[in-house]
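Peer 1: let me see the structure of the following:
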Amino acid sequence: MSDNQNLLAEQRRALILEEVRRRGGARVNELTRKLSVSDMTVRRDLDALAQQGALEKVHGGAVPVAEASTHEPGFEAKSSLELSAKEDIARAAATMAQPGSAIALSGGTTTFALARHLVDVPNLTVVTNSVRVADVFHAAQRSGGGQGSGSRPGAATVVLTGGVRTPSDSLVGSVADAAIRSLHFDALFLGVHGISAEAGLSTPNLAEAETNRHFVGSARRVIVVADHTKWGTVGLSSFASLDQVDTLVTDGGLPSEARAEMQERLPELMVAGEQEARETGPEEPDALQV
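Peer 2: Residues are numbered from 1 along each chain as shown. Predicted structure coming up:
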């Protein structure tokens, strides 16, 4: 299968999942009409999403998964969801990383996408508890020639905290917590399992919640990167209130009531895509030829 076909499949599945979540379920015949694809294609997409744990197949269609507050999807399952939104969020959030600053990146698929946009920001010091995030920077260093950290001029200095690995490839526990407590960050880029007005930021993993608390406590500025599907999700353990968040970077799918809530509660709400459009502004008309 070609890269284009793979991309189309990923986009299709993201649209299917969005439809299922938005409406509380969808039938195969409705999805075939909406996406202009065959019945067999939709069924294959539903099979793939069901295997990832993203939805539940029922007779004639699919419904959302009723996740327990302790359910923690693996990195691979999450990485195929909301690809376009995560990329938009990553691109917008990367503009907030200042050259020469010390930043922290938590685990998660959105921070993983963000890392790919940060490799060209010069002279960063990056502390992360994500194996996947660290791999992005290490791969960029190797591609610049030479061996080891700093082999490419301006390459980031990367510190991996150590600790016990979670299903989402984050490192947590006493080793990670001790490393983070001893450091101070100009900015923390934080991925979350769930965000809500009542529960704040939450995760289904108790150890990860504790590690994230230390991240938040060690940062001068807390920047949450979360797509719209995280709104209203509540994990087992809350680790920060909305009052501790300086900026939320999200996508245009965030419901209007959630936007109003975040604009009232947070110092800054950045909606990726819309923010870029405002900064670019309308195109200037061509000058009249005389």
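Peer 1: quick one: the helices in the stretch 101-250 of the chain?
Peer 2: Taking DSSP state H, counting those that start in this stretch as the test, the helices found in the stretch 101-250 of the chain are 109-118, 131-143, 174-181, 206-217.
Peer 1: go through the shortest one and flag the buried ones.
Peer 2: In this case it means helix 174-181. Within helix 174-181, the residues that count as buried by 16 or more other C-beta atoms under 10 Å are 176-177, 179-180. (C-beta placed from N, C-alpha, C; glycine too.)
Peer 1: tell me the spacing between the closest residue in space to Ala140 that isn't next to it in sequence and Ala102.
Peer 2: Leaving aside its sequence neighbours, Ala140 sits nearest to Val119 (C-beta to C-beta, 6 or more residues apart in numbering; 4.0 Å). Applying C-beta to C-beta, to the nearest Å, the value for Val119 to Ala102 is 16 Å.
Peer 1: now swap in Ala140 and tell me
Peer 2: Going from Ala140 to Ala102 by C-beta to C-beta gives 18 Å.
Peer 1: measure Arg43 to Gln244 for me?
Peer 2: With distances taken as C-beta to C-beta, Arg43 is found 44 Å from Gln244.
Peer 1: what stretches of the chain score poorly on pLDDT?
Peer 2: 1-7, 65-82, 144-153, 275-290 (pLDDT under 70).
Peer 1: hmm, back to that, could the helices of the stretch 101-250 of the chain be laid out in CSV, adding distance to Arg33?
Peer 2: Output for the helices of the stretch 101-250 of the chain, formatted as CSV (distance: least, C-beta to C-beta, whole Å):
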stretch, distance to Arg33
helix 109-118, 30
helix 131-143, 37
helix 174-181, 48
helix 206-217, 41
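Peer 1: relative to Gln98, which of these is closest?
Peer 2: Counting by C-beta to C-beta, Gln98 lies closest to helix 109-118 out of those; the figure is 11.1 Å.
Peer 1: list the helices and strands the closest one packs on?
Peer 2: Packing partners of helix 109-118 (3 or more C-beta pairs under 8 Å, 6 or more residues apart in numbering; DSSP states H and E): helix 75-79, helix 83-94, strand 102-105, strand 125-128, helix 131-143, strand 187-191, strand 222-225.
Peer 1: out of those, deepest packed?
Peer 2: strand 187-191 (a mean of 26; mean count of other C-beta atoms under 10 Å).
Peer 1: what does that strand contact?
Peer 2: Strand 187-191 is contacted by residues 93, 96-98, 101, 103-111, 114, 201, 212, 215-216, 218-226 when judged by C-beta atoms under 8 Å, 6 or more residues apart in numbering.
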